[in-house]
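> With the input below, show me the fold.
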Amino acid sequence: MAKLAKKRRGMLLVLSSPSGAGKTTITRTLVAQDRALKLSVSVTTRPQRPGEIEGRHYYFTTKEKFDAMIAKGELLEHAAVFGNWYGTPRAPVVEALEAGTDIIGDVDWQGTQQLKQTFRDDLVAVFILPPNMTELKRRLEVRAQDTREVVQARMAESSEELSHWAEYDYVIVNEDIEQAVHEVRMILEVERKRRSRQPWLAEFVNRLRGQT
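Numbers count the residues shown, from 1 in each chain. Next up, the predicted model:
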């Protein structure tokens, strides 16, 4: 009897949160720990920050080129965040899912809603909450990536972002980053076992029944 190929379909795991709640840190920690997990690298029009690497952290582009990608259907989702545009390239995600590879990315609530329209069966959406707003502000200030004005703008926007928590499959309160990473990893492992992602099971069960 020929050996059964146990190939499954990949999933798209997206993390959303207000700025500073930890979605990017969790995402990149999981990718570093799990060789079977691929990072979805977003394209953005915002300026490249010190230490960021093209193609690893983001694909940096101009607004004109970004608009051209939208027109060509090359982005699965796109949204404006604090004056800059962000989007998820289509090709790498589609290729990963079809190859049975899991792909993870941090996407805002607007982008997640767009992804649901195309990848509802493949999408697993996780919302990351801060323990409190004082801690959220502290994290934004400590990372020193933005001016005081931008930090204030992000804090003002956080209430709107938080209002979308109920649209997600899972919600985690990030009080401790190691625990939050562990909790998202558990979600990942459970979702990998979902029946719909293991199309080989039907044939496997039929073979088992044939052995009785």
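> So which residues of the chain form strands?
Here the chain has its strands, by DSSP state E, at 12-16, 37-39, 43-44, 59-60, 75-81, 84-89, 102-106, 123-129, 170-173.
> how much distance is there from the fourth one to the middle of the chain?
Yep, that's strand 59-60 we're talking about. 17 Å (Cα atoms, centre = their mean, to the nearest Å).
> Then the first one?
For strand 12-16, the separation from the chain centroid amounts to 3 Å (computed by Cα atoms, centre = their mean).
> by how many degrees do that strand and strand 75-81 diverge?
Counting by axes from the mean of the first three to the mean of the last three Cα atoms, to 10 degrees, strand 12-16 lies at 0 degrees to strand 75-81.
> Low-confidence regions, the chain specifically.
1-2, 144 (pLDDT under 70).
> related to what we said a few turns ago, can I get the strands of the chain in CSV including mean neighbour count and distance to Ser158?
Where you see a C-beta, it was placed from the backbone N, CA and C, and this is true even at glycine. Output for those, formatted as CSV (neighbours: other Cβ atoms under 10 Å; distance: least, Cβ to Cβ, whole Å):
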stretch, mean neighbour count, distance to Ser158
strand 12-16, 26, 12
strand 37-39, 19, 25
strand 43-44, 19, 20
strand 59-60, 16, 25
strand 75-81, 19, 12
strand 84-89, 20, 17
strand 102-106, 24, 15
strand 123-129, 22, 10
strand 170-173, 17, 15
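> Can you say which of the ones you listed is nearest to Glu52?
strand 59-60 (8.1 Å; Cβ to Cβ).
> list the helices and strands that closest one packs on?
In terms of contacts (3 or more Cβ pairs under 8 Å, 6 or more residues apart in numbering; DSSP states H and E), strand 59-60 is packed against strand 43-44.
> The strand it packs on pairs with which strands, parallel or anti?
Note on strand 43-44: by DSSP bridges, its sheet partners are strand 59-60 (parallel), strand 84-89 (antiparallel).
> With Arg46 as the reference, measure out to Glu189.
In this view, Glu189 and Arg46 are 33 Å apart by Cβ to Cβ, to the nearest Å.
> for the chain, what spans make up the helices?
Using DSSP state H, the helices of the chain run over residues 23-33, 63-71, 90-99, 109-119, 133-143, 148-162, 177-192, 201-210.
> returning to that earlier point: please identify which of Glu189 and Arg46 sits among more neighbours.
Set Glu189 next to Arg46 and count neighbours by other Cβ atoms under 10 Å: Arg46 wins out with 15 against 10.
> Quick check: the more buried one touching Gly87?
No. If you go by Cβ atoms under 8 Å, Arg46 and Gly87 don't touch, sitting 11.8 Å apart.
> For Ile191, list the residues it contacts.
I think there's a mix-up here, since residue 191 is Glu and not Ile. Met11, Leu13, Val124, Arg197 (Cβ atoms under 8 Å, 6 or more residues apart in numbering).
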